[in-house]
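>>> Sequence first, then the predicted structure, then my questions.
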Amino acid sequence: MTAPDPLLIVAEGQTTTLRCSAHAIPYATAIPDDVAVRVGEVIRLQCLAHGTPPLRYTWTKLEGSLPPRAQVTGGDLQINLATAADAGSYKCSVDNHMGHSETVAKVTVR
């Protein structure tokens with residue numbers, strides 16, 4: 001991330017330089033938002049977020065809990081050896097000091 005260009009202000013023969021930085025609440029997107037796998041395959045979901053760092057990611061399973069096989073690394077969720085019990089909706093929540101965003105991905109296990 002680069003610093004924004006400074007703003008130069010001239011008033012009655014004096015100059016001053018101001019630096020301004022923009023802060024943004026996170027915006028999250030799940031990739032893919034709908035996935036189907038077979039029993040025994042790997043479920044991979046990725047949460048992409050934009051906003052002012054640092055961003056904190058949390059994955060949860062709606063109406064349940066993440067299985068012990070779930071591995072979360074940053075915005076990535078991986079569940080090895082999918083079972084029928086892994087089917088459902090998974091929510092990625094992203095937080096920073098400005099706010100909160102979330103997105104949901106649906107997983108079907110055949």
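Good, I have the coordinates. Residues are numbered from 1 along each chain as shown.
>>> so where's the chain uncertain?
1-13, 15-22 (pLDDT under 70).
>>> all strands of it, in order?
Taking DSSP state E as the criterion, the chain carries its strands at 7-11, 14-18, 27-31, 34-37, 43-50, 56-61, 70-73, 76-79, 88-96, 99-109.
>>> Could you pull out the buried residues of the last one?
Along strand 99-109, the positions that meet the burial threshold by neighbour count (16 or more other CB atoms under 10 Å) are 101-103, 105, 107, 109. (Glycine included, C-beta is placed from N, CA and C.)
>>> again, but for the fourth one
Neighbour counts over strand 34-37 (16+ other CB under 10 Å) mark 35, 37 as buried.
>>> From the contact counts, what lies against that strand?
Contact here means 3 or more CB pairs under 8 Å, 6 or more residues apart in numbering; DSSP states H and E; on that basis strand 34-37 packs against strand 43-50, strand 99-109.
>>> Setting aside sequence neighbours, what's the nearest residue to P53?
Nearest residue to P53 in three dimensions, chain neighbours excluded: N96, at 7.0 Å (CB to CB, 6 or more residues apart in numbering).
>>> same deal with V42?
N80 (5.5 Å).
>>> how close does R110 get to L55?
Distance of R110 to L55, computed by CB to CB, to the nearest Å: 33 Å.
>>> out of these two, which sits in the more crowded spot?
Shown here are R110 and L55; by other CB atoms under 10 Å, L55 has more neighbours (17 against 10).
>>> thought the more buried one was touching S93?
No: if you go by CB atoms under 8 Å, L55 and S93 don't touch, sitting 10.5 Å apart.
>>> Setting aside sequence neighbours, what's the nearest residue to A84?
V109 (5.3 Å).
>>> Report the beta-bridge partners for that neighbour.
V109 has these beta-bridge partners by DSSP bridges: V37.
>>> Could I have the CA atoms of stretch 83-96 written out in CSV?
Taking C-alpha atoms only, stretch 83-96 is exported to CSV below (Å, rounded to 0.1, in the frame of the first residue of the first chain):
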residue,chain,number,x,y,z
THR,A,83,-18.6,-36.1,4.6
ALA,A,84,-22.3,-35.5,4.3
ALA,A,85,-22.2,-33.8,7.6
ASP,A,86,-20.0,-31.0,6.1
ALA,A,87,-22.9,-29.9,3.8
GLY,A,88,-24.3,-26.5,4.7
SER,A,89,-23.6,-22.8,4.7
TYR,A,90,-20.3,-21.4,5.9
LYS,A,91,-19.9,-17.7,6.9
CYS,A,92,-16.7,-15.7,6.6
SER,A,93,-16.6,-12.7,8.9
VAL,A,94,-14.0,-10.0,8.3
ASP,A,95,-13.3,-7.2,10.8
ASN,A,96,-11.0,-4.3,11.1
